[in-house]
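In: Build me a model from this:
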Amino acid sequence: MATWSPDPERIPWLEVVANATFTAAHIVAVDEEGMPARHYDFEIVGPRPKIIGLQVSQDEAGLVIAVPQVITGLYPPEEIEYQTPLADGGRQTGFCWDFPEIPAEADEIICFTPRKEPSLDWTFRVTAYFAQGSDSAEFILRVRADWTPGRDALKEAVDARRHKVRQ
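Out: Have a look, this model is predicted:
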């Protein structure tokens, strides 16, 4: 059984705002003799939106988890409804879960449903490998909502389509 730092029982292990950058303190495991892990494996547990820009690295001090660039993918919308014109003059309604997924031919944003939860949790499983075996622990990253990126992306998507229609 390893001793972990920080303590994985602390929930959340790290709390960030949805559109922030972060570099977490090293995650370190030592065995019963106080020897640090030789290597770490990392995985995201359970169904969660992908964390775009997530970087995981390790050095002699331990495992580092970071998102070094501001991104909007940590707190994606629930759903976006859009319409595209059809050749016969009709309209087709489509759905997606983030603004980059809206097709270029879509000319109307019909509905934008932001996530309403005040925060989302991601569980990271870290496995530490020692000379005499391995041990795993789960760490929880809590992402607090910031609806500003969704609001701004919605405004940009609507404005782009208004501009396209007027041309």
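In: Could you use CA atoms for every contact and neighbour count after this?
Out: Fine.
In: Packing partners of the worst-scoring helix or strand of the chain on mean pLDDT?
Out: In the chain, the helix or strand scored least confidently by mean pLDDT, DSSP states H and E is helix 148-166, which has a mean of 78. Other elements packing on helix 148-166 under the criterion 3 or more C-alpha pairs under 8 Å, 6 or more residues apart in numbering; DSSP states H and E are strand 108-113.
In: hang on, the earlier thing: just the buried positions in the least confident helix or strand of the chain, please.
Out: 149-150, 154, 157-158, 161 (16 or more other C-alpha atoms under 10 Å).
In: Those into TSV, with extra columns for distance to P8?
Out: Rendered in TSV, the data for the buried residues of helix 148-166 read as follows (distance: C-alpha to C-alpha, whole Å):
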residue	distance to P8
P149	30
G150	31
L154	37
A157	40
V158	43
R161	47
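In: any idea which of these is closest to F112?
Out: For F112, the nearest member of these is L154. The distance, counting by C-alpha to C-alpha, is 7.5 Å.
In: quick one, what contacts the closest one?
Out: With contact taken as C-alpha atoms under 8 Å, 6 or more residues apart in numbering, L154 is in contact with 99, 112.
In: same thing with P12?
Out: Contacts here follow C-alpha under 8 Å, 6+ apart; on that basis P12 touches 139-142.
In: before we move on, what about Q58?
Out: By C-alpha under 8 Å, 6+ apart, the contact list for Q58 reads 39-40, 64.
In: who's it bridged to?
Out: Taking DSSP bridges as the rule, Q58 bridges to L63.
In: ok, it to L141 distance?
Out: Relative to L141, Q58 is positioned 18 Å away (criterion: C-alpha to C-alpha, to the nearest Å).
In: same deal with A61?
Out: A61 sits 20 Å away from L141, going by C-alpha to C-alpha.
In: again, but for Q132
Out: If you go by C-alpha to C-alpha, the gap between Q132 and L141 works out to 29 Å.
In: okay, these two: which has more neighbours?
Out: Using other C-alpha atoms under 10 Å, the more surrounded residue of Q132 and L141 is L141, with 17 against 6.
In: Wait, a strand at that one?
Out: Yes. With DSSP: H, G, I helix; E, B strand; the rest coil as the criterion, L141 is assigned to a strand.
In: Show the model's pLDDT score for it.
Out: According to the predicted model, the pLDDT of L141 comes to 92.
In: so what's it up against?
Out: With the criterion set at C-alpha under 8 Å, 6+ apart, L141 makes contact with 12-16, 121-124.
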